[in-house]
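Colleague: Show me the folded form of this:
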Amino acid sequence: QVQLVESGGGLVQAGGSLRLSCAASGRTFSNYAMGWFRQAPGKEREFVAAISWSGGSSGIANSVKGRFTISRDNAKNTVYLQMNSLKPEDTAVYYCAAAPRYTYYSKEYNNWGQGTQVTVSS
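Modeller: Modelled structure (predicted):
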């Protein structure tokens, strides 16, 4: 098991930026692929971004491509989600998660953080 704690959420105006962080503890962080997901009120959880254990592979959802970037620092046991040009439709609870392999599918992630709220005002 790896424990995950997200931070960096908050209230921002449309067009603004936020950087989410997810700090990991427990088992070796570099053994895990990492992902970010989000869930807006009344909607299903959706994939946002994923990154392989080495950082050599990464993927971004079409809805945020060109605006969001995922990265990781294995020395700091942390994965990041840089969010630029935020839109009101980006409002959601953002979760980081860890998986034994690089994947976009939430069912393959077996460790989840508690989530951090991101609210984008128009």
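Colleague: How many residues are close by the residue nearest to residue 15 when sequence neighbours are not counted?
Modeller: Nearest non-adjacent residue to residue 15, counting by Cβ to Cβ, 6 or more residues apart in numbering: residue 85, 6.1 Å away. All C-beta atoms are positioned from the backbone trio N, CA, C, and that covers glycine. By other Cβ atoms under 10 Å, 13 other residues sit near residue 85.
Colleague: so who does residue 85 touch?
Modeller: 15, 17, 67 (Cβ atoms under 8 Å, 6 or more residues apart in numbering).
Colleague: give me that answer again for 10 Å
Modeller: By Cβ atoms under 10 Å, 6 or more residues apart in numbering, the residues touching residue 85 are 14, 15, 16, 17, 64, 66, 67, 68.
Colleague: Any stretches of the protein with poor pLDDT?
Modeller: Counting by pLDDT under 70, the chain shows no low-confidence range.
Colleague: can you give me the strands in it?
Modeller: 2-7, 10-13, 18-26, 33-39, 46-51, 58-60, 68-73, 78-83, 92-99, 111-112, 116-121 (DSSP state E).
Colleague: Those strands: which one's closest to residue 105?
Modeller: Closest of the strands of the chain to residue 105 is strand 46-51, at 7.7 Å (criterion: Cβ to Cβ).
Colleague: Remind me what the closest one packs against, helices and strands.
Modeller: With contacts taken as 3 or more Cβ pairs under 10 Å, 6 or more residues apart in numbering; DSSP states H and E, strand 46-51 sits against strand 33-39, strand 58-60, strand 68-73, strand 78-83, strand 92-99.
Colleague: how about the third one: buried residues?
Modeller: Right, strand 68-73. Going by neighbour count (16 or more other Cβ atoms under 10 Å), the buried part of strand 68-73 is 68, 69, 70, 72.
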